[in-house]
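Participant: Next one to model:
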Amino acid sequence: MKEMGSDPYFADTVERAWAVLATVADPEIPVISVVDLGIVRGIAVGDDGVEVSLTPTYAGCPATHVIESDIREALTRAGIAVRVVTRLAPPWTTDWITTTGRARLKEFGIAPPAPAGSRDGQIIRLVPRGANMQKTPACPHCGSAGTELLSQFGSTPCKALYRCVDCREPFDYFKPL
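Facilitator: Numbers count the residues shown, from 1 in each chain. The predicted structure follows:
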């Protein structure tokens, strides 16, 4: 496999593959593409098609197989032979969500994650239960900073359920990882 280089065939194939992948929706959050979610880590081109490197949001994500299948189907439909390779290292982080992806999450009513920061050499700290580790997210509906945690787990394990104290609307918060 070759990375995008000076060969026009490879450059065109990579560009077309990225464009196709930008239309593949995440099955759990259909308003965001797998590209905007940041799980497509790279595309390499060979004489027999493309290799898409995919890093799931977490190793046990139940949507990974559906995403792989959707990627294969979309690229095959576009006339591009494909092989999907799962890469678990480095682990996915919410910092990889694009600016467009964050905006789409907010428009959909999911508070985008705060920056997770660098993971290099991060120390794991044990904190007493109930300690406020971070500022609560702003409400994606009205923008209020007055929100409260209802449940550490929302509609999926990577989201928490919050409610706005002002507009009273519940919303998911994409946890920073």
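Participant: So residue 100 sits against residue 36, correct?
Facilitator: Yes: assessed by Cβ atoms under 8 Å, residue 100 is found in contact with residue 36 at 5.2 Å. All C-beta spots, glycine's among them, are computed from the backbone N, C-alpha and C.
Participant: Could you list the low-pLDDT ranges of the chain?
Facilitator: 1-10, 117-134 (pLDDT under 70).
Participant: Mind jotting down where the helices sit in this protein?
Facilitator: Assigned by DSSP state H, the helices in the chain fall at 8-21, 64-77, 99-108.
Participant: if we can go back for a sec, between residue 100 and residue 36, which one's more packed in?
Facilitator: residue 36 (24 against 13; other Cβ atoms under 10 Å).
Participant: separation between residue 20 and residue 39?
Facilitator: 15 Å (Cβ to Cβ, to the nearest Å).
Participant: between the two, who's got more neighbours?
Facilitator: Shown here are residue 20 and residue 39; by other Cβ under 10 Å, residue 39 has more neighbours (25 against 20).
Participant: still on that earlier bit, for the helices of the chain, please prepare TSV with the additional fields distance to residue 169.
Facilitator: Output for the helices of the chain, formatted as TSV (distance: least, Cβ to Cβ, whole Å):
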stretch	distance to residue 169
helix 8-21	32
helix 64-77	29
helix 99-108	13
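Participant: Ok, which of the ones you listed comes nearest residue 176?
Facilitator: The closest of these to residue 176 is helix 99-108. By Cβ to Cβ, the value is 11.6 Å.
Participant: Can you give me the buried ones in the closest one?
Facilitator: Neighbour-count burial for helix 99-108, counted by 16 or more other Cβ atoms under 10 Å, picks out 101-102, 104-106.
Participant: helices or strands up against it?
Facilitator: Contact here means 3 or more Cβ pairs under 8 Å, 6 or more residues apart in numbering; DSSP states H and E; on that basis helix 99-108 packs against no helix or strand.
Participant: which residues touch that helix?
Facilitator: Residues from elsewhere that reach helix 99-108 (Cβ atoms under 8 Å, 6 or more residues apart in numbering): 29, 31-33, 36-38, 97, 111-112, 140, 174.
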